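1. This is a predicted model, with the sequence first.
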Amino acid sequence: MTENESEGLKLDAQKAGARVGLTSDEIIINGGHPLKGRIEVRGAKNLAPKAMVAALLGKTTSVLRNVPNVSDIRVVAGLLALHGVQITRGTDPGEWRLDPSNVEQAHHADIDAHAGSSRIPILFCGPLLHRLGEAFIPDLGGCRIGDRPIDFHLEALRKFGAVVEKLPSGISLTAPNGLHGANIELPYPSVGATEQVLLTSVLAKGQTELRNAAIEPEIIDLICILQKMGAIITVEPNRVIFIEGVEELRGYDHRALFDRNEAASWASAALATRGDVFVGGAQQEEMMTFLNVFRKVGGDFEVHDDGIRFWHPGGDLKPVTIETDVHPGFMTDWQQPLVVALTQAVGESTIHETVYENRFGFTDALNQMGANIHVYKDGLQDDARRVKRREFEQAAVISGSTALTGAEIKVPDLRGGFSYLIAGLTAEGQTKVTNLGIISRGYENFIEKLRQLGADFVYEG
Ligand SMILES: CC(=O)N[C@H]1[C@@H](OP(=O)(O)OP(=O)(O)OC[C@H]2O[C@@H](n3ccc(=O)[nH]c3=O)[C@H](O)[C@@H]2O)O[C@H](CO)[C@@H](O)[C@@H]1O
Ligand SMILES: C=C(OP(=O)(O)O)C(=O)O
């Protein structure tokens, strides 16, 4: 990457809501055509930015491969550049080289940065405290699917010895006596809080024990990255992770895990449009729970060495009851795109959303298009449930099948936005989807992929 590109990345970090790969914020979809063909998914939006933050912990350059061109990557790259990390791109566009050797020299306390659409900046706390003894974290972005509190993060940082001050524009942190190991038990297996503990504990003095940790595939991939850097991390039974702090870490060379959420989204699109889509890069192990549901709804799939083929075999789709949960349960990010396919199933499906307290707002627009979805804001009791009911959970009952007709709809959040694309592809007539920028947070080149799959649309790109 040339110097001015790095400057460009810094600018990304100073404006909220960067969008990537889009020249227009709206698309007009002519529905009723099955998606058919092959697309590729690259590194996970929920892993690659975290891996980039981990590079701050190393003494030498890190190389991350299979990186997707999405706005969450751009925002984090911009923040790293603002902190003096020299970022260059390899010959392969998915290869990013991150040299943290200049971080101390580049440090300036009055950093003016936005988290943009990303939640990742909260994960800069530990690495910056280790490197600089202080950090300022701007207000966070991320999907508006609930309050998105960070109390687990701040409580953990205090246990490591950080002094945390919440300011109107963000969070200011110092570590007057350095950071030391801690015993932490999370009230809930939070992915972000688990990452916070991992990124802080690896260079903290002494040992850290984390109980009730998240163990998502993206967490395990981050642990592999930290182990390559020289960290000593043990994943024990029953969601316990044990970390022995070390003096120094080196750079890593890692190929990011594929994006299971993008893969599941395209699979749901194939189902809803009665299509046949090969998702290159998808792997079975990380998607097993989704694959079970996909088959129960009436889809079929074939696992290959280089990806998974998902198709609608004909006949009626069948209703299902789903409970979202932490890994290895049904991933909450998978439910929104699947909802559109469930509007085409014959019968009544129920989704218990147990992770977030407000993730069904996107269904209002689907009902405008002809869907029959009822949201229970206080959840639904069901004695047959396997997942422990949570206080703020909600439920949605989808009655089908219903014919969808085109409408004008505005993207509310990342997965809801992709579900709107699926709704437009499934509906009869024209659907205008606006506010597309949010979708570019986690779906690389989605317009081009729609074209590759034979979608009929007008995009002034
Ligand atoms: C960038 C990224 O990786 N995003 C993922 C990450 O989000 P994120 O890491 O934000 O999600 P968490 O796992 O932390 O959130 C799970 C639950 O814990 C609660 N909570 C979390 C932190 C906290 O300090 N206090 C608190 O109460 C949240 O409100 C939520 O109800 O994991 C989620 C759950 O797999 C995914 O849906 C997101 O796609
Ligand atoms: C909720 C999501 O992302 P984020 O945590 O970045 O808002 C998501 O990927 O579905």
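-> All right, it came through fine. Ligands and ions are numbered 1, 2, ... in the order given.
2. can you list the residues of the stretch 351-461 of the chain near ligand 2?
-> Within reach of ligand 2 by C-beta under 6 Å from any ligand atom, the stretch 351-461 of the chain has these residues: 414, 415, 442. Heads up, the C-betas are built off the backbone N, CA and C, glycines and all.
3. if you set the cut-off to 8 Å instead, what comes out?
-> 356, 413, 414, 415, 441, 442 (C-beta under 8 Å from any ligand atom).
4. Can you tell me which of those end up in helices?
-> Among those, the members found in helices (DSSP state H) are 414, 415.
5. quick one: which of the residues of the stretch 351-461 of the chain next to ligand 2 is nearest to ligand 1?
-> Nearest to ligand 1 out of those is residue 356 (C-beta to the nearest ligand atom; 5.3 Å).
6. ok, back up a step: quick one: which of the residues of the stretch 351-461 of the chain next to ligand 2 is nearest residue 131?
-> When those are ranked by distance to residue 131 (C-beta to C-beta), residue 441 comes first, at 27.1 Å.
7. In contact with the residue nearest to residue 337 when sequence neighbours are not counted, which residues?
-> With sequence-adjacent residues excluded and distances taken as C-beta to C-beta, 6 or more residues apart in numbering, residue 337 is closest to residue 268, at 3.9 Å. Applying C-beta atoms under 8 Å, 6 or more residues apart in numbering to residue 268 gives the contacts 334, 337, 338, 340, 341, 419, 422.
8. avg pLDDT for whichever strand or helix holds residue 268?
-> Taking DSSP states H and E as the definition, residue 268 sits inside helix 260-272. Across helix 260-272, the average pLDDT comes to 98.
9. Which SSE is immediately downstream of that helix?
-> strand 276-280.
10. what does that next one contact?
-> Against strand 276-280 from outside (C-beta under 8 Å, 6+ apart): 34-41, 263, 266-267, 269-270, 304, 306-312, 453.
11. from what I can see residue 347 touches residue 318, true?
-> Yes. In this structure residue 347 lies within contact range of residue 318 using C-beta atoms under 8 Å: 6.6 Å.
12. The stretch 151-300 of the chain: strands as residue ranges?
-> Using DSSP state E, counting those that start in this stretch, the strands of the stretch 151-300 of the chain run over 163-167, 170-174, 183-185, 207-211, 232-236, 240-244, 253-255, 276-280, 300-304.
13. list the buried ones in stretch 388-406?
-> For stretch 388-406, burial by neighbour count (16 or more other C-beta atoms under 10 Å) applies to 390, 393-402, 404, 406.
14. So which of those residues are in helices?
-> Using DSSP H, no member of the buried residues of stretch 388-406 falls within helices.
15. Get me the contact residues on the stretch 201-350 of the chain for ligand 1.
-> Contact residues (C-beta under 8 Å from any ligand atom) of the stretch 201-350 of the chain with ligand 1: 214, 216, 218, 261, 326, 327, 331, 332, 333.
16. Quick check: of these, which has the highest neighbour count?
-> Ranked by neighbour count (other C-beta atoms under 10 Å), those have residue 218 at the top, with 27 neighbours.
17. Quick one: work out the angle between the helix holding residue 268 and strand 276-280.
-> Put simply, helix 260-272 runs at 170 degrees to strand 276-280, going by axes from the mean of the first three to the mean of the last three C-alpha atoms, to 10 degrees.
18. all helices of the stretch 101-250 of the chain, in order?
-> 103-106, 125-132, 151-159, 191-201, 217-229 (DSSP state H, counting those that start in this stretch).
19. Show me which of these has the highest average neighbour count.
-> Neighbour counts (mean count of other C-beta atoms under 10 Å) averaged over each of those peak at helix 191-201, with a mean of 26.
20. Please report the distance of the residue in the chain positioned nearest to ligand 1 from ligand 2.
-> Ligand 1 sits closest to residue 192 of the chain, with a gap of 2.8 Å, by C-beta to the nearest ligand atom. Residue 192 sits 8 Å away from ligand 2, going by C-beta to the nearest ligand atom, to the nearest Å.
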